[in-house]
Each structure stands twice: as C-alpha cells, then as structure tokens.
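Engineer: 3D, please:
(one chain, ligands or ions: 1)
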Amino acid sequence: MIDENGVPAERVLDEIRQLRVGDRPVHGGRLFAYVYDPGVAGLDALGAAAHAESAHVNGLDPTAFPSLLAMENWLVGAAGGLLGGGPGSTAPDVVGSVTSGGTESLILAVKAARDARPELTAPRIVVPASGHAAFAKAAHLLRVTLDTVPVDPVTLRPSVADMAAAIGPQTVLVACSAPSYAHGVVDPVAGIAQVAAAAGVRCHVDACFGGWTLPYLRRLGVPVPPFDFTVDGVTSISVDLHKYAYAPKGVSVLLHRDATLRSPQYFAYADWPGYTMINPVLASTRSGGPIAAAYATLRHLGDDGYLRLAATTRDAVGCLAAAVRDVDGLRLMAEPEATVVCFTSTDPALDLFVLVDELTARGWHTQPQLRYADLPASVHLTVTASVAPRVAEFGPDLAAAVAAARRAGPVELPADLVALAGSLSPEALTPELIGGLAAGLGLGAGPPDRMAVVNTLLDAAPAALRERLLVEFVGLLQRPTW
Ligand SMILES: Cc1ncc(COP(=O)(O)O)c(C=O)c1O
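Structural biologist: Numbers count the residues shown, from 1 in each chain. Below you'll find the predicted structure:
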C-alpha cells in the first residue's frame, strides 16, 4: 500500500537495489537471454542520463516535442542506412518508425499489410514455423490467420517452395527471419521475397534479433546472405535497438521501403471532441526516455564500436560452439551463423532440462526450448560481447554440469502426471487442478530454483495445454502485495 508520508529517495532506491538482488545478473557475461550487454564501461550511465533528459517528453505529438522527432528520425536513418536503404542505395525512399520493441514492430508490420488490403475479408500471413511467436500474437490481436510453414529439421529453415505454396489469394504478408531467434539461422530471404513479390504480396524480414549484427559480421568476412533492402521484394524490416544495438530496453525500428507502404500502419482519429489523435505506433503517450537513451547509445558507440563488438561476439560464439562440440552427448542444432549457439542432447541419459539447472547452479543462465514438431528440445544461448572475457570458463563448467546431469539422471515425472499432460484438454483445467499442480511443482511461493520438473511437464504437454498452464502459473505469481 502507498505510504502515508512518502519514503525518502535514498531509502526507495535501496529498496529497489534489494529487490534486484534476486534478479539474474544483467552484466558479467553469464546470462544468455533477455539481456544484451556489450560490456562497455560507462554505457549504462550514458543511457540512464539520456533517458532522464527525455523521460517526461511525450511522443504523442511530434510537433510539441521536436527533440523527440529529431532523435527518432536519426535512429530510423541509422537503421535504414545499415540495412540497405537511404541515399544512393536501391531503396532511397526508406522510412520507418521507432516502436517499443520487436513485438510491437511485428504487430505493426502485420497491421500495415492487413490495412493495405481492406478488400480482403479473411486476411492471412505466411510465417515459417521458426518465426518469432510475436507473429502469432499479431495474428491473434489483428484477427489475421497465421499460415505456418514447417522448417527442415536439419537446416532449420523453410523451403522457398513451401513458402510459395502457402501464399493464397487472402495472403497480405509473407515473413521470414534474419536470423531466427530459436536457432540463429538466416532464412532464404531472397527466394522468399521473390515469391512474395511475384504474388503481389508484401514481404517482412524480421531482423529484430540480428539486424544490427549481420551487416557487421559480413564486414568481418562472415558469409551473410542478402537479407535487407538490397533484396528486391523486401518491403519492410524490423530491427531492435534494445538487442544488438545495445540500447536500454524499449526501442525497435520498423522500416518500410517507402512511405506508401508505411501509411496503413498509422492510426488517426479526429471524430471525437478531444485532441486529434495520430499514432504511428501502438502506444499513444510514450516516453521519450528509451528513444533518447538509444540515440545516445548509437551515437556513442559509432560504426567502429559496433564493428569491434561484432568481432568480439563472433569470437565468443566460436569458443562456446567449440565447447559444445567437445561434449559427448551434445549436438549443435545448427552451425552458428550469427550470434546464437543452440544445442540439443543426443543421449537419453543426458536430460537437457537438468543440464540447464546444473549450468544455472554454476552461474550460467541459459534458455531451455521445448520440443516442437519434429525438433527436439534444445538449449539456447544468445551471445553478446560481454561473454568474451568469461568464455574460457564455460567449457570446464559445461563439462562439469554435463557430468552432474548424467549423475542425476533424467527427470522422471509420475506416470499419472505424464498421462495427464498428454491427455488433458486446456478447458478441463480447473483452478483446483492448477493449484494442486503448481504446489506439486514447487511453484507456490515464486519460481523454484530448479526448473527441470516444470520444463519436463511442459515438454510432455501439447502446445495448447502448455499455453494454458503457463498463463495460469504466471497468473499465480502476479498477485498484488497489500
Ligand atoms: C527475431 C525476433 N523477433 C521478434 C522478437 C520480439 O522482440 P521483443 O521481445 O523486443 O518484443 C524477438 C525477441 O527476442 C526476436 O528475437
């Protein structure tokens, strides 16, 4: 409850610091998801100072706050220039918007595509199965049907032919990833853009994750296939600045090849008694803080800085992948092409979810991925530049964690629970059943230290049941404190 007389500033800050003790470490190169850390001294302070300068500025009206408009236009120019657009390029008319994150950028790409075709009564989008879940969210929110194209279990990419075959008369958008989040592989963008263009359909490249690193990796000699506006038929690209541009959270850029393509992304409303509303993005009031922080970060690191960070990251990826290759019973899901290392277990006695817990116990925070269609469960590592100084410690710790996971053996769920997970329909989940399950899994007072049992249960369940369980479990955590 709110304090009657307020709390002194220093005490409140102390409280926050105390709360933060339980968080995963955002610095130190041992967290392989959620956080993108370049390990550059002073960058946090710069971002925080820039954020503070503009925190109360409102992006609702660019004419009232031209500072924000100037910074947004600069960010869009920087992203567009990096991704094959701008003066002198084959895409000189690229425009864009700054959004709050990758999910918002993808929702808006789908909205723009849908609203550009108002004559279609049942719009659809074609997305590889490896496409980010935010496409499914966009489809759900915008009432657009999601046509998922399977990926090859070896290359982890969709085939161009399958993508082409999925395009129909109601398709408003074809999407692909550069690279995919789960496995870090770049889809065949040129082929997909070509079949989309041939069908007269927009093509969005989701470069939210890797759009800021791929151009630098290419400059360093890594073979990166064409994926940006240099590819004919690519109509829009998303790139998150709060990922590999290393800006504080809350900033992504959605680019369109020209202003006509962008126009249906906007929402304008003048038919009410209040101010006329014109929103390029989902939010109406939005803080200038993240935009200013991103502006400061990009200006400070500069082209050279990003090239150096990409080289450091590439070397760290190589070392981590080598450490995985050295372990009997682990297999890389794909040879790393960008900044993801993803591996699976080839040994039934080596349970990946137990391994993830063992790595956590040794201070390495990796991300488990559940099995999907004919793809096995896997462990995902998003690698950032800050990992480089610690990378030599990973191999020995991985070997020790693997040995411990083998000693512990695979998680064995009670047979009746496995049967339940396989057969229960999401609708049959009662609050009592959820409560009992959560208590049995140790989720009562917050997330447990060891997640292997929870992950094993989710892994055994079909997607619809996983979704329902996750909603209910997280709902249990999100309760007010009084
Ligand atoms: C390829 C890709 N697209 C979209 C997103 C969604 O981004 P956000 O979490 O910023 O909404 C992510 C996030 O990891 C991503 O990797």
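
Engineer: Quickly find the element holding residue 239.
Structural biologist: strand 236-240 (DSSP states H and E).

Engineer: whoops, residue 344 was the one
Structural biologist: strand 340-345.

Engineer: ok, the strand holding residue 239: who's next to it in the sheet?
Structural biologist: As defined by DSSP bridges, the strand partners of strand 236-240 come to strand 202-206 (parallel), strand 252-256 (antiparallel).

Engineer: ok, residues contacting the first one?
Structural biologist: This means strand 202-206. 102, 106, 109-110, 112-113, 116, 131-132, 135, 172-178, 189, 192-193, 196-197, 211, 227-228, 231, 233-238, 261 (CB atoms under 8 Å, 6 or more residues apart in numbering). Heads up, the C-betas are built off the backbone N, CA and C, glycines and all.

Engineer: out of those residues, which are inside strands?
Structural biologist: 172, 173, 174, 175, 176, 177, 236, 237, 238 (DSSP state E).

Engineer: Of those, just say which sits nearest to residue 46.
Structural biologist: Set against residue 46, the nearest of the ones in strands among the contacts of strand 202-206 by CB to CB is residue 238 (24.9 Å).

Engineer: Give the full set of residues in contact with the closest residue to that closest one other than its chain neighbours.
Structural biologist: Distances taken as CB to CB, 6 or more residues apart in numbering place residue 105 nearest to residue 238, at 3.7 Å, with adjacent residues excluded. With contact set as CB under 8 Å, 6+ apart, residue 105 has these partners: 99, 208, 238, 240, 252, 253, 254.

Engineer: With residue 238 as the reference, measure out to the residue of the stretch 51-200 of the chain found nearest the ligand.
Structural biologist: In the stretch 51-200 of the chain, the residue that lies nearest the ligand is residue 102 (2.3 Å; CB to the nearest ligand atom). For residue 102, the distance to residue 238 equals 6 Å [CB to CB, to the nearest Å].

Engineer: so residue 37 touches residue 386, yeah?
Structural biologist: Yes: using CB atoms under 8 Å, residue 37 and residue 386 qualify as a contacting pair, with a distance of 3.9 Å.

Engineer: Please identify which of the two sits among more neighbours.
Structural biologist: residue 386 (24 against 19; other CB atoms under 10 Å).

Engineer: which element is residue 247 on?
Structural biologist: Going by DSSP H and E, residue 247 is not in any helix or strand.

Engineer: just to revisit the earlier point, overlap in contacts of residue 37 and residue 386?
Structural biologist: With contacts defined as CB under 8 Å, 6+ apart, the residues shared by residue 37 and residue 386 are 27, 28, 29.

Engineer: Of the residues you listed, which qualify as buried by neighbour count?
Structural biologist: residue 29 (16 or more other CB atoms under 10 Å).

Engineer: Which of the shared contacts of residue 37 and residue 386 fall within helices?
Structural biologist: Of the shared contacts of residue 37 and residue 386, none are assigned to helices by DSSP state H.

Engineer: Format the shared contacts of residue 37 and residue 386 as JSON lines; extra columns: distance to residue 153.
Structural biologist: Below are those laid out as JSON lines (distance: CB to CB, whole Å):
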{"residue": "27", "distance to residue 153": "36"}
{"residue": "28", "distance to residue 153": "35"}
{"residue": "29", "distance to residue 153": "31"}
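
Engineer: want to try TSV for the shared contacts of residue 37 and residue 386, with pLDDT and distance to the ligand as columns?
Structural biologist: Listed next are the shared contacts of residue 37 and residue 386 as TSV, based on pLDDT from 0 to 100; distance: CB to the nearest ligand atom, whole Å:
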residue	pLDDT	distance to the ligand
27	95	19
28	93	21
29	94	19
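
Engineer: List the ones among the shared contacts of residue 37 and residue 386 that fall in strands.
Structural biologist: Per DSSP E, the shared contacts of residue 37 and residue 386 never map to strands.

Engineer: For residue 111, report the pLDDT, please.
Structural biologist: Listed pLDDT for residue 111 reads 98.

Engineer: do the same with residue 476
Structural biologist: At residue 476, pLDDT is 87.

Engineer: where does it land in three-state SS?
Structural biologist: Assigned by DSSP: H, G, I helix; E, B strand; the rest coil, the conformation of residue 476 is helix.

Engineer: Residue 439 is in contact with that one, correct?
Structural biologist: No: if you go by CB under 8 Å, residue 476 and residue 439 don't touch, sitting 9.8 Å apart.

Engineer: Pick out whichever of those two has more residues nearby.
Structural biologist: residue 476 (17 against 12).

Engineer: From residue 172, how far out is that one?
Structural biologist: 38 Å.

Engineer: related to what we said a few turns ago, what is the neighbour count of the residue of the stretch 51-200 of the chain closest to the ligand?
Structural biologist: Counted with other CB under 10 Å, residue 102 comes out at 23.

Engineer: Repeat that for residue 269.
Structural biologist: The burial count for residue 269: 12, using other CB under 10 Å.

Engineer: circling back: tell me how far the strand holding residue 344 lies from the chain's centre.
Structural biologist: 17 Å (CA atoms, centre = their mean, to the nearest Å).

Engineer: Can you check what angle separates the helix or strand following it from strand 340-345?
Structural biologist: From strand 340-345 onward toward the C-terminus, using DSSP H and E, the following helix or strand is helix 352-361. Computed by axes from the mean of the first three to the mean of the last three CA atoms, to 10 degrees, the angle separating helix 352-361 from strand 340-345 equals 130 degrees.

Engineer: Show me what helix 352-361 is packed up against.
Structural biologist: strand 340-345, strand 367-369, strand 378-382, helix 391-408, helix 452-460 (3 or more CB pairs under 8 Å, 6 or more residues apart in numbering; DSSP states H and E).

Engineer: Can you tell me how far residue 36 is from the ligand?
Structural biologist: 10 Å (CB to the nearest ligand atom, to the nearest Å).

Engineer: Enumerate every residue touching the closest residue to residue 389 other than its chain neighbours.
Structural biologist: Leaving aside its sequence neighbours, residue 389 sits nearest to residue 29 (CB to CB, 6+ apart; 6.2 Å). Residues near residue 29 by CB under 8 Å, 6+ apart: 37, 39, 384, 386, 387, 388, 389, 390, 391.

Engineer: Try it again at 6 Å.
Structural biologist: 386, 387, 390 (CB atoms under 6 Å, 6 or more residues apart in numbering).

Engineer: One more: residue 171?
Structural biologist: So residue 171 contacts 124, 126, 201 (CB under 6 Å, 6+ apart).

Engineer: sorry, back to before: considering the ones in strands among the contacts of strand 202-206, which possesses the most neighbours?
Structural biologist: Highest count within the ones in strands among the contacts of strand 202-206 by other CB under 10 Å belongs to residue 237, 34 neighbours.

Engineer: Is that one in contact with residue 254, as I believe?
Structural biologist: No: at 7.8 Å, residue 237 does not count as touching residue 254 under the criterion of CB atoms under 6 Å.

Engineer: residue ranges with poor pLDDT in this structure?
Structural biologist: Filtered on pLDDT under 70, the chain yields the residue ranges 444-446.

Engineer: near the ligand, which residues of this protein show up?
Structural biologist: 101-103, 106, 132, 134, 177, 181, 206, 208-209, 240, 252 (CB under 6 Å from any ligand atom).
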